[in-house]
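Enquirer: following is a predicted model, sequence given first.
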Amino acid sequence: MQKICVIGGSRYFGKLLVERLLAAGHHVTVINRGSTRPPDGVEHLAVDRNDEAPLTAALGARVFDVVVDQVCYTPVQAAVAARVFAGRTRRYVMTSTIEVYDPATGAPPVGTPVAEESVDPAGWPVDLGLPWGDEAFRAAHYAEGKRQAEAVFTRAGFDFVAVRSAHVLGGGAREFTGRLAHYVERVAAGRAIVVHADALPTVFVHYQELADLLRWAVEADFTGPVNACSDGLLDVHDLIAAVAAQLGREPVLRTVPAGEEASPFSFDRPYAMSNSRAKKLGYAFSRTTDWLPGAVAETVTTRQ
C-alpha cells in the first residue's frame, strides 16, 4: 500500500483513477476546492491548489509516496506545487496532453506518429512572468502552459512523469468534452459537419484506459514523459463513420480548405503520437476501433 495524493481527481477519469487506487489498497488523499465530493474512503482536503500558504497549512505534516496532479495547466501552478511538495513526495505524476506536440515545436512529417523526445521538458524554457493568471491568456496558450509546467516539474527534484494524454472519449456523462456528442447530434439531425477534405489522422484514448494507465504510472518506477493513446490512427471521417453506423444515418459533410476552421478532430496538420515507449515499459493498450462503437452507443443512449 502506498500513500497517494491526487490533486483534482473528483470528476471524469480522475474520479475513476481514485476508485482504481482505492481498490488496489492504496491510501488516497484528494485535494480540490470542495465543490465536488470525492468517493467514499478518501481523505479530502478542501483547498485551492493555487494558494500556496493555505495549501501548505492544509497538508500539515502529511507525506506521500506519489502525487498525481490532474489539474496543472501553467508553470506558475507547477512552481507552487514544486515548492509545497518538496520533501513530501518521492514521485510526481502530471496529466499532460497531446497538445504539447503543436507543430510549432517541430512535429515529424505526416504519417510519423510523434515520440516523447520531440518535446523535451528538461530543455524547455519557462517564463513565470507571462499573464498565466488571466483566463483568456491561459486558454489561448494551453499547450505552452502544459509544456512549461512539465519543464518546472522536471527540474524540481522529484521522480517526475508527464502522462501525455491523447484525445479522451468515453460516452455518456464521462464524455466531458462534448465532442463525441457533437457528432452524434449532427448526424442524427442531418446537419452538416464541417471537415477538411484531406483530414489527417490523430489518436484517442478511452477514459477508462487513461485511468488505468495513470494508476500504472503511479505504481511504476520510470520517469519522463510518456504518451497515452490507444492503438490505431483514426481521422475525422473514421469517427463520423462510426457514429453514422450506430445511428443508421448518412452523414452530411461540408469540406473546407486546409487552414480554415473545421469540426473537432478534423486536423489539417500532423496530430498523431506514438505509444511505443509505454509499450516498452510494459503497458498493453487497447485498440480504438474495439471501444469506439461502445462509446458512441453510450453517447447515443444518453442523448435520447
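Expert: Looks like it came in fine.
Enquirer: direction included, what does the longest strand seen in the chain pair against?
Expert: Ranked by residue count under DSSP state E, the longest strand found in the chain is strand 89-97. Here strand 89-97 is paired, per DSSP bridges, with strand 64-69 (parallel), strand 159-165 (parallel).
Enquirer: list the buried ones in it?
Expert: By 16 or more other Cβ atoms under 10 Å, the buried positions in strand 89-97 come out as 89, 91, 92, 93, 94, 95, 96, 97. Any C-beta I mention is one placed from the backbone N, CA and C, and that applies to glycine too.
Enquirer: one more: stretch 178-197?
Expert: For stretch 178-197, by 16+ other Cβ under 10 Å, it's 179, 180, 181, 182, 183, 184, 186, 187, 188, 193, 195, 196.
Enquirer: pLDDT weak spots in the stretch 101-250 of the chain?
Expert: Along the stretch 101-250 of the chain, the model assigns pLDDT under 70 to residues 103-111, 171-176.
Enquirer: now the helices for it?
Expert: With helices called from DSSP state H, counting those that start in this stretch, the stretch 101-250 of the chain shows them at 135-140, 142-154, 179-189, 207-219, 236-247.
Enquirer: switch these over to CSV; also include distance to residue 286.
Expert: Converted to CSV, the helices of the stretch 101-250 of the chain look like this (distance: least, Cβ to Cβ, whole Å):
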stretch, distance to residue 286
helix 135-140, 31
helix 142-154, 25
helix 179-189, 17
helix 207-219, 6
helix 236-247, 15
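Enquirer: so which of those is the most packed in?
Expert: Mean neighbour count (mean count of other Cβ atoms under 10 Å) peaks for helix 142-154 among the helices of the stretch 101-250 of the chain, with a mean of 24.
Enquirer: residue 92: what's it in contact with?
Expert: The contact partners of residue 92, by Cβ atoms under 8 Å, 6 or more residues apart in numbering, come to 66, 67, 69, 81, 85, 153, 156, 158, 159, 160, 161.
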